[in-house]
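S.K.: build the 3D model from these lines:
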Amino acid sequence: MVVVPDEVLMQMQSYYTELVADLDGEATIGLQLKLKELLPEEDPDAEGHVAGDLCCGSDTIISVVELCLVRDNLLPELKYMLASIILPLFYIGRVFVCVAVTVLSVQQVSDAARYRYRYDVLSKLGLSRTRIERLIFKQLAAFYLCPALLAVVISGRMILFASDRFIMMTGVPTVVGGFFGKSAGLFFGIYLVYFAVTYVEFKRSVER
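M.R.: Numbering: from 1, shown residues only. Predicted coordinates for the structure are as follows:
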């Protein structure tokens, strides 16, 4: 923003003007379309005419060119657009998680026969059944937590980077922690279900 005296401003040619209004309460549905209908028609030959929704001369990173904007009418459209992107990506991510955890669970259950002899030796040495179950739990937790923590660290860094770029380009602050926490909670819910099933099957195979 460049601030100049009034006498200099009077000699300058205005490129555009803006009017901003803060409504009392929320705007009604379709207010933006009604306001655009009230605007006078532009002369196509006039200087600075906006052709459609595109024009040149903006120095912002992301620019929205409209003669009239209503925030309450734009938010539902923005949410719908973001949902159309987020839901397919979330579905793909959940499929990858299910495939990866299924492979890990099958591997652990298949290796249970190999660990049966070792836990049998520990039992004969006097280790109680409760302590053996704790060892099984710790063993499986180590196998499951290592890839999960690595995924959280990598995903967290990527999300923070994308959020910083989004805030820098649009100027709209976002609550990254809430979105990331909810997404991580959903994925870890699936993770815990597979872990519980694997733990029960592994313990049964060892006790057999």
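S.K.: compute the number of surrounding residues for P147.
M.R.: 13 (other CB atoms under 10 Å). Using the backbone N, CA and C atoms, a C-beta is placed for each residue, glycine as well.
S.K.: same question for the one 4 residues further on.
M.R.: Around A151 there are 17 other residues, counting by other CB under 10 Å.
S.K.: just the element for it, please.
M.R.: helix 129-170 (DSSP states H and E).
S.K.: so what does that helix touch, helix or strand wise?
M.R.: Contact analysis of helix 129-170 by 3 or more CB pairs under 8 Å, 6 or more residues apart in numbering; DSSP states H and E lists helix 71-110, helix 112-124, helix 176-207 as its packing neighbours.
S.K.: show the pLDDT at the residue lying closest to F202 once chain neighbours are set aside.
M.R.: Nearest residue to F202 in three dimensions, chain neighbours excluded: A112, at 4.8 Å (CB to CB, 6 or more residues apart in numbering). In this model, A112 is scored at 78, pLDDT.
S.K.: run a quick check on A112 versus V200, I expect a contact.
M.R.: No. Contact criterion CB atoms under 8 Å: A112 and V200 do not qualify, at 11.1 Å.
S.K.: comparing those two, which shows the higher neighbour count?
M.R.: Neighbour totals were compared for A112 and V200, and A112 leads with 19 against 11 (other CB under 10 Å).
S.K.: number of residues surrounding the closest residue to A184 other than its chain neighbours?
M.R.: Spatial nearest neighbour of A184, excluding adjacent residues (CB to CB, 6+ apart): V152 at 6.4 Å. A count of nearby residues for V152, using other CB under 10 Å, gives 14.
S.K.: didn't V152 look like it was pressed against S183?
M.R.: No. Checked against CB under 8 Å, the pair V152 and S183 is beyond contact range at 10.3 Å.
S.K.: ok, back up a step: okay, the helices and strands packed on helix 129-170, which one's buried deepest?
M.R.: helix 176-207 (a mean of 15; mean count of other CB atoms under 10 Å).
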